[in-house]
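Enquirer: Next comes the sequence, and after it the predicted model I'd like to discuss.
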Amino acid sequence: METIFERIIARKLPATILLEDEFVIVIQDIYPKAPHHYLIISKKAVPSLQQMDHQDLEIYMPKMIMAAQNIAKKLGVEDYRLIVNNGPDAGQTVFHLHIHFLAGRTMGENFA
Ligand code: 5GP
């Protein structure tokens, strides 16, 4: 079954897209936890970070991290937080690899 993010990539579901290339798509989170909350989504639908094989990691991770740099440049922010939730106990709800990009407010130290 397709993930929500595959449906967004295929334009079957609407989303506010900030950036897109061959490897990643960056969309606004529908329930933002900060003034700037984007999702950096790999175009390959791997369910979680832990399930990415090394070859995919080598391809996708640099692209996803570069996307974070590009988001910051585009928004004109210097400070931001990146988060990957791996698995349900870590808070993952969409099982398609993505990195949260959060900015625009002071972040606490509390990760709980
Ligand atoms: P996770 O909890 O898996 O780390 O993150 C999934 C994120 O996807 C959540 O922050 C949630 O708000 C966001 N999300 C879930 N469904 C949609 C959707 O249909 N559109 C967008 N733009 N974001 C979504």
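Expert: Ah, there it is.
Enquirer: Determine how far the last residue of stretch 10-24 lies from the first.
Expert: End-to-end distance for stretch 10-24: 13 Å, by Cα to Cα, to the nearest Å.
Enquirer: Could you list the buried residues of that stretch?
Expert: 15, 18, 23-24 (16 or more other Cβ atoms under 10 Å). Where C-beta positions appear, they are placed from N, C-alpha and C, glycine not excepted.
Enquirer: Which ones, among the residues you listed, also lie beside the ligand?
Expert: Within the set of the buried residues of stretch 10-24, contact with the ligand (Cβ under 6 Å from any ligand atom) is found for A15.
Enquirer: Regarding the residue minimising distance to the centre of the chain, which helix or strand does it belong to?
Expert: Compute the mean C-alpha point of the chain, and by Cα atoms, centre = their mean the closest residue is I40, 2.5 Å away. In this assignment (DSSP states H and E), I40 forms part of strand 36-42.
Enquirer: State the paired neighbours of that strand in the sheet, together with their directions.
Expert: Paired strands of strand 36-42, with direction, are strand 24-28 (antiparallel), strand 98-103 (antiparallel) (DSSP bridges).
Enquirer: Can I get these in JSON lines including mean pLDDT?
Expert: Shown next, in JSON lines, are these (pLDDT from 0 to 100):
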{"stretch": "strand 24-28", "mean pLDDT": "98"}
{"stretch": "strand 98-103", "mean pLDDT": "98"}
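Enquirer: Go through those and name the closest to Q51.
Expert: strand 98-103 (13.1 Å; Cβ to Cβ).
Enquirer: Check the secondary structure at the closest residue to F95 other than its chain neighbours for me.
Expert: In space, F95 comes closest to P47 once its chain neighbours are excluded; the distance is 4.2 Å by Cβ to Cβ, 6 or more residues apart in numbering. Three-state call for P47 (DSSP: H, G, I helix; E, B strand; the rest coil): coil.
Enquirer: Look up the pLDDT of P47 for me, please.
Expert: On pLDDT, P47 comes in at 97.
Enquirer: Hmm, L97 and it touching each other?
Expert: Yes: between P47 and L97 there is a contact under Cβ atoms under 8 Å: 7.3 Å.
Enquirer: the more surrounded of the two?
Expert: A count of neighbours by other Cβ atoms under 10 Å puts L97 above the other of P47 and L97, at 29 against 15.
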